[in-house]
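J.: How does the following fold in three dimensions:
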Amino acid sequence: MATQKVEATINVKSENFHQTFEESILDSSTSKESCSYEQLIAANERLKANLSKVFTEFVNKARVEQNADVDQKKRKKQRDDGEEEE
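T.: Numbers count the residues shown, from 1 in each chain. From the prediction side, this is the model:
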């Protein structure tokens, strides 16, 4: 049995973010087998690139939030230390 259609849907959801990536490849009776394979490879590469962008964005956002939390804790500790000295 030949594959006539390949679909991939990836949903990325978080508290403030929602992204859907979709790829669909239909088998054309005029296309050669190698062309269909090339289409699958290209669709796979597009999905991987999109996922990589999203995960990089999440990592960068988490890093920024973590640094902000550390800075906030440092400022709070400095304020608390300043009150104790008085």
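
J.: ok, now which ones touch Asn11?
T.: His18, Gln19, Thr20 (Cβ atoms under 8 Å, 6 or more residues apart in numbering). C-betas here are computed from N, CA, C, even on glycine.

J.: Tell me how far it lies from Ala49.
T.: According to Cβ to Cβ, to the nearest Å, Asn11 and Ala49 sit 17 Å apart.

J.: Please apply the same query to Glu15.
T.: Glu15 is 24 Å from Ala49, by Cβ to Cβ.

J.: Show me which of these two is the more surrounded one.
T.: When Glu15 and Ala49 are compared for neighbours, Ala49 comes out ahead with 11 against 5, by other Cβ atoms under 10 Å.

J.: And the average pLDDT for whichever strand or helix holds that one is what?
T.: Per DSSP states H and E, Ala49 falls inside helix 33-85. Helix 33-85 carries an average pLDDT of 81.

J.: helices or strands up against that helix?
T.: strand 5-14, strand 17-26 (3 or more Cβ pairs under 8 Å, 6 or more residues apart in numbering; DSSP states H and E).

J.: relative to strand 17-26, how tilted is that helix?
T.: In terms of direction (axes from the mean of the first three to the mean of the last three Cα atoms, to 10 degrees), helix 33-85 departs from strand 17-26 by 170 degrees.
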